[in-house]
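Enquirer: Sharing a sequence plus its predicted fold:
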Amino acid sequence: MSTRAAEYVDTYRLELTEAERFELRAMAEHLAASSPRLVDEPGWLARARQLSCLLPTRLLDTVRRYRHDPGAQGTLVIAGLPIEEDALPDTPGVPGSVEREATVPAAAAVLVGLQLGELVAYREEKSGALVQNVVPVRGLETSQSNAGSVPLEFHVENAFHPNRPDFVGLTCLRQAVGQSAGTLVASIRHALPLIPEADREVLHRARFVTAPPPSFRSGESTTPHPVLDGSPDDPNICVDFNATTALDDEGKQALERLRLTLNDVSASVELQCGEMVFVDNRIVLHGRADFTPRYDGRDRWLQRIFVHLDGRRSRIHRTHNGAVMV
């Protein structure tokens, strides 16, 4: 890994030009207005998949290169999406908030996500909505979930699930007023050279279990699994430091050292309105800095999508080859 690190793009970032933003806005507005104007309706999603092929060339090129290799940090930031904060409604504040209506921000995220892979959702999480709101909810401030506002522990999205997303996309509609509620990221590609060989061997063994997150209405802990798998020089990582536990003391100590190392190499992605970040969920953990909600309609508001590279692997769990896993 250490010899290859210089070969990776460190991070991907694309700032849309005014012309590209105008082009994307026209596409998103057209898609949002397409009948039946419902994100989760199969016909609407099929139309979105078709339109996504017409995205601006630089955007298509950047997404395709990121898909081929996500770089050392494993993130892609796209700035300049056609989102006008003053035109937004109040930030939602209810548990399980989702975006069923085909708004321009939701349409723009879907268009980009469909060039990365296929959108997926989970029936047991937010009723299987493809576009989900990540907002603070009164009474859930200390929750280790997307509804909380305390620091969110580093985790792979849905680490307990055998068909977890390959990518997570987060679009910023509204940032916390006067606060830097950053999305924190930590890449195993940055951390691996700092992990002792003995710990790597332990982490590559099936000596860990992970419980489902609070956002899932049901689900059992995983069967024992490794935290690192695949190539020893460039492994995938699967861990949720709030939900993953080791089955023995040696594993517990290795897991704690891994947590400290990932904290050391972590970075903050400070999204503003109209910016979107994709996180490669195979090599990057993400979390959240704390912030103080005001519950005045102007709180932090992100929208989240999940992307799979290979729909066939979860086909048995998706009725009628739809987007929602059951």
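Expert: Noted; the coordinates are in hand.
Enquirer: And the next helix or strand past the helix or strand containing T171?
Expert: Taking DSSP states H and E as the definition, one finds T171 inside strand 167-174. Next in sequence after strand 167-174, counting helices and strands by DSSP H and E, comes strand 183-187.
Enquirer: angle of that next one against strand 167-174?
Expert: Relative orientation of strand 183-187 with respect to strand 167-174: 160 degrees, computed using axes from the mean of the first three to the mean of the last three Cα atoms, to 10 degrees.
Enquirer: Give the residue spans of the stretch 1-150 of the chain that score low on pLDDT.
Expert: 1-8 (pLDDT under 70).
Enquirer: Do a quick rundown of the strands in it.
Expert: 12-15, 75-79, 118-122, 132-134 (DSSP state E, counting those that start in this stretch).
Enquirer: Would you mind giving those strands as a markdown table with mean neighbour count added?
Expert: No exception for glycine: its C-beta is placed from N, CA and C like everyone else's. Putting these into a markdown table (neighbours: other Cβ atoms under 10 Å) gives the following:
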| stretch | mean neighbour count |
| --- | --- |
| strand 12-15 | 16 |
| strand 75-79 | 22 |
| strand 118-122 | 23 |
| strand 132-134 | 22 |
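Enquirer: Just give me the neighbour total for P212.
Expert: Using other Cβ atoms under 10 Å, P212 is surrounded by 21 other residues.
Enquirer: Let me fix that, I meant to ask about V185.
Expert: By the measure other Cβ under 10 Å, the count of residues near V185 is 24.
Enquirer: Give me the contact list for the strand holding T171.
Expert: Residues outside strand 167-174 that contact it (Cβ atoms under 8 Å, 6 or more residues apart in numbering): 81, 83, 85, 88, 91, 105, 108-109, 112-113, 116-117, 134, 157, 183, 271-281, 286, 298-307, 309.
Enquirer: try it again with 7 Å
Expert: The contact list for strand 167-174 (Cβ atoms under 7 Å, 6 or more residues apart in numbering) reads 81, 83, 85, 88, 91, 105, 109, 113, 116-117, 134, 157, 183, 271-273, 275-281, 298, 300-307.
Enquirer: Just the buried ones from those, in ChimeraX syntax?
Expert: One line in ChimeraX is enough to select the buried ones among the contacts of strand 167-174; burial here means 16 or more other Cβ atoms under 10 Å:
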select :81,83,88,91,105,109,113,116,117,134,157,183,271,273,275,276,277,278,279,280,281,298,300,301,302,303,304,305,306,307
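Enquirer: in the chain, which spans are helices?
Expert: Applying DSSP state H to the chain gives helices spanning 18-32, 42-51, 57-68, 104-116, 188-191, 197-203, 249-264.
Enquirer: returning to that earlier point: if you average pLDDT over the strand holding T171, what comes out?
Expert: Averaging pLDDT along strand 167-174 yields 98.
Enquirer: Kindly report the same for stretch 282-297.
Expert: What stretch 282-297 shows for mean pLDDT is 95.
Enquirer: so how far is Q303 from V98?
Expert: Distance of V98 to Q303, given as Cβ to Cβ, to the nearest Å: 9 Å.
Enquirer: what is in contact with those two at once?
Expert: Counting by Cβ under 7 Å, 6+ apart, the residues touching both V98 and Q303 are 131-133.
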